[in-house]
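> I'd like to go over a predicted model; first the sequence, then the structure.
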Amino acid sequence: MGLLLTDDEKMLQESAEGFFADKAPVSQLRTLRDDRDATGYSKELWAEMAEMGFTGVLIPEDHGGFDMGFMAAGLVAEQMGRNLSASPFLSTSVLAATALKHAGDERAAKLLPELVSGKVTMALAVDEGGKHNPDGIEMTASPSGNGFKLNGKKSMVVDGHAADQIIVAAQTENGLTLFVVPADVKGLDTERTIMVDSRNAARMNFDNVEVTGEQVLGEVDKGAEILNAVLNAGRAVLAAEMLGASSQVFEATNEYLKERKQFGKIIGEFQALQHRLAHLYCELELARTAVLSALTALDNNPKSAGPFVSMAKAKLGTVAKLAALEAVQLHGGMGMTDELDIGLYLKRIRVAQELLGDADFHMAQITK
């Protein structure tokens, strides 16, 4: 399994690095937070991301995308993690795009170009409780006329309050089925929740929401395979985002230790602190390997990529947390203040740890 970037991937990495550092730095997240922005992300930024082609990295060329693969999506997400850039990239360009690609039906063919252009955003509604549990879906889709009626509740729907369309997982007679539902459909009540990292995750209540057979994504009762592919895509890309965030706090902490003086010495000269940074560096390199392995597996052999993806999500869940906590401690009292960006990274990492399964969930997946 090759873990080296191609020339095209290197160019994309450099492009994303410059773009997010310039257009969506941490200061933009602070502004969105302090202004209590109704959307939770900059629509202007999203339009510019579409112009740059980031929204279409996973979408086939015959649907207007660039089909660069999951490695490319991970490289974009890593730079977003470095800058805490808020956008519907995960929900729309990764989760929804993967679902539509695997469905391969007329609805998908219509929606994919709109995802590339940035004109339509989508969200995935799977979880129903406080923890990620895709095997515990209780929402029902009961036959009604020529379609179905959806009943049940969903939680942690990332960017769901601002999405145009919702991909919903529900139980049908003989299995799981995915549906594409307009966000303004009658009977759907959406409550915006703002998480500790200032990002959005909606709660949704479906009360006899009527859908037609044409709104089925893929086939009735056969949505589990598509959903598994979608979740693995999101987990790997989310791990890449955490890698970017943890790498940034490591570098910031390393620079701080080179400048801060205590007891008449640069504190980075103290061997105990050097050991802590060295340990964290080694853990980050192992984590990077896990992420690259997961993204490569998704590109080369997605059906057997599950263990690689779970390893990456579990590893980053622990390493990113370590990086953030070490950064707070090594910055001393300042690390606890809102003045420094360190706390914002810690909050984002803690939320990303839980999204789509925490370390315990994924370690259990590996041992199955």
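Perfect, thanks for sending it.
> and stretch 82-94, C-alpha only, in PDB?
C-alpha atoms of stretch 82-94 as PDB (Å, rounded to 0.1, in the frame of the first residue of the first chain):
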ATOM      1  CA  ARG A  82      -5.500  23.300  10.700                       C
ATOM      2  CA  ASN A  83      -7.500  26.400  10.300                       C
ATOM      3  CA  LEU A  84     -10.800  25.300  12.000                       C
ATOM      4  CA  SER A  85     -12.500  26.200   8.800                       C
ATOM      5  CA  ALA A  86     -16.300  25.800   9.100                       C
ATOM      6  CA  SER A  87     -18.100  24.600   6.000                       C
ATOM      7  CA  PRO A  88     -20.600  21.900   4.900                       C
ATOM      8  CA  PHE A  89     -17.700  20.000   3.300                       C
ATOM      9  CA  LEU A  90     -18.100  16.900   5.500                       C
ATOM     10  CA  SER A  91     -21.900  16.700   5.200                       C
ATOM     11  CA  THR A  92     -22.200  17.600   1.600                       C
ATOM     12  CA  SER A  93     -19.000  16.900  -0.300                       C
ATOM     13  CA  VAL A  94     -18.200  13.700   1.600                       C
END
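> let's number from 830 now, not from 1
Yes, from this point I'll number from 830; that puts the last item at stretch 911-923.
> Centre of the chain to that stretch, how far?
Distance of stretch 911-923 from the chain centroid (CA atoms, centre = their mean, to the nearest Å) equals 7 Å.
> average model confidence for it?
Averaged over stretch 911-923, pLDDT sits at 98.
> so what's residue 917 up against?
870, 875, 950, 951, 952, 988, 991, 992 (CB atoms under 8 Å, 6 or more residues apart in numbering). Every C-beta, even on glycine, is put in place using the N, C-alpha and C of the backbone.
> Could you verify that the fifth one is part of a strand?
Yes. Assessed by DSSP: H, G, I helix; E, B strand; the rest coil, residue 952 belongs to a strand.
> Distance of it relative to residue 866?
17 Å (CB to CB, to the nearest Å).
> what does the second one give?
Distance of residue 875 to residue 866, given as CB to CB: 13 Å.
> low-confidence ranges in this structure?
830-832 (pLDDT under 70).
> what's the distance between the residue lying farthest from the centre of it and residue 1102?
When distances to the mean C-alpha position of the chain are computed (CA atoms, centre = their mean), the maximum falls on residue 1093, with 43.9 Å. Note on residue 1093: its distance to residue 1102, by CB to CB, is 16 Å.
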